[in-house]
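>>> all I have is the shape, not the residue letters:
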């Protein structure tokens, strides 16, 4: 789903354990299981005075370190649903609320087309597996070996994702986020999915050292060190609703959920603005998939792959732009005019240029100011973020944002000021 700030994904991807193990290069071999007793630093040689070495801190039950370790083990084993339980019930309820809100705000036709194209893509990857794995992209390349090994299991997981309740918005309004998570996925499958999106999922949580450091009243400090980190990093944990959580997460949670809800409130408007373009893009993707799916043999498939890749490569920038518009609200327009109902004074023009138009030029836009029949007209080329421009105009003229509307058909922003 296209949620810009949905906390669940942020947590599992990095904030879950405060970004542990994100540094370093990809290991040449899979990391071993989490070692909770390995020291975070190599112990110094035994002292000649005492003849002893520093002891390794013990991880106590119901401690922050134990909670981190339990979550790590679940993630490493691919048990995402169990790992998700590191969140307290109140936080899970917040996320369920966002999920239900998303289902209510999402356009049903667009969602059906998105899931339909996803199903078609998975069906293509299944049926043309033999031809795909013979392409130069996969053949005789060590970096592609995980894809070959876990092709079927990865597609099985993807199939479950598009065939479960998430594909039905009516059902999505009723279920929990936890129910959408796989109970168990192999580490290899998660690796393949992670590589496809530029992440390193299961290995991200393997071979990690967890060491309790100290207790400061109600707070506990835990040192976490990934297999490629030069040194451990200390994080402060606090208990919230019976669960040990990063203190920074607890402090930001309510504000983050509020931002998510505000973003979701704007989602229908953003989708409406770009829905035709998204549907066209999905139609193009379906057409390419149909062409590749129709190949009856290896030769026909290889002949179709080249044009398909070129088609996808040329369409990719537009897809990125559409995604940015939907998720971040950064709608782009090649031409746009600001129409003000009266002629601005020289002083007012200078302030408009300084506060609104010059910053636009810094982002690559060009503008021309004109006076026309007692009104002020500003023509702008290449506006990279229409929403930002509207907000800037609203702030400059001290107007509510609704009084700075965008007429997409006319490519204008009309502004009515008092005489």
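Good, I have the coordinates. Note that the structure is a prediction, hence the values are computed from the model and not measured.

>>> C-alpha from now on. contacts and neighbour counts both.
Fine.

>>> what does stretch 361-380 contact?
Stretch 361-380 is contacted from outside by 335-344, 357, 360, 381-384, using CA atoms under 8 Å, 6 or more residues apart in numbering.

>>> start to end distance for that stretch?
One end of stretch 361-380 to the other measures 9 Å (CA to CA, to the nearest Å).

>>> now that stretch, how far from the centre of its chain.
36 Å (CA atoms, centre = their mean, to the nearest Å).

>>> same question, stretch 237-256
Distance of stretch 237-256 from its chain centroid, counting by CA atoms, centre = their mean, is 21 Å.

>>> pLDDT of it, averaged?
Throughout stretch 237-256, pLDDT has a mean value of 92.

>>> pull out the buried positions in that stretch.
Judged by neighbour count using 16 or more other CA atoms under 10 Å, the buried positions of stretch 237-256 are 237, 238, 239, 243, 244, 245, 246, 247, 249, 250.

>>> over to stretch 156-170?
Neighbour counts using 16+ other CA under 10 Å place 157, 161, 162, 165, 166, 167, 168, 169 of stretch 156-170 among the buried residues.

>>> which of the residues you listed fall within helices?
Per DSSP state H, helices hold the following members of those: 157, 161, 162, 169.

>>> before we move on, the earlier item: what is the nearest of the buried residues of stretch 237-256 to residue 268?
residue 249 (28.6 Å; CA to CA).

>>> which stretch of helix or strand covers that closest one?
For residue 249, the host element (DSSP states H and E) is helix 247-293.

>>> need the ones in helices among the buried residues of stretch 156-170 in a markdown table (columns: pLDDT and distance to residue 293).
As requested, these are exported to a markdown table (pLDDT from 0 to 100; distance: CA to CA, whole Å):
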| residue | pLDDT | distance to residue 293 |
| --- | --- | --- |
| 157 | 75 | 21 |
| 161 | 74 | 22 |
| 162 | 78 | 19 |
| 169 | 91 | 28 |
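
>>> JSON lines please, covering the residues you listed and showing distance to residue 391.
Formatted as JSON lines, those follow (distance: CA to CA, whole Å):
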{"residue": "157", "distance to residue 391": "42"}
{"residue": "161", "distance to residue 391": "38"}
{"residue": "162", "distance to residue 391": "37"}
{"residue": "169", "distance to residue 391": "32"}
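
>>> now the stretch 201-350 of the chain, which segments are flagged as low pLDDT?
Applying pLDDT under 70 to the stretch 201-350 of the chain picks out residues 201-206, 313-331.

>>> phi, psi for residue 301 please.
Listed backbone geometry of residue 301 is phi -60, psi -50, with angles given as degrees, to the nearest 10.

>>> so what's it up against?
131, 292, 295.

>>> try residue 419
Counting by CA under 8 Å, 6+ apart, residue 419 touches residue 342.

>>> roughly how far does it sit from residue 100?
Per CA to CA, residue 419 is found 46 Å from residue 100.

>>> what stretches of the stretch 1-150 of the chain score poorly on pLDDT?
Along the stretch 1-150 of the chain, the parts satisfying pLDDT under 70 run over 1-57, 137, 143.

>>> rewinding a little: pull the most distant pair out of the buried residues of stretch 156-170.
Between all members of the buried residues of stretch 156-170, the farthest pair (by CA to CA) comes out as 157 and 169, at 20.0 Å.

>>> still on that earlier bit, pick the one among the buried residues of stretch 156-170 closest to residue 76.
The shortest approach to residue 76 among these belongs to residue 157, at 16.4 Å (CA to CA).
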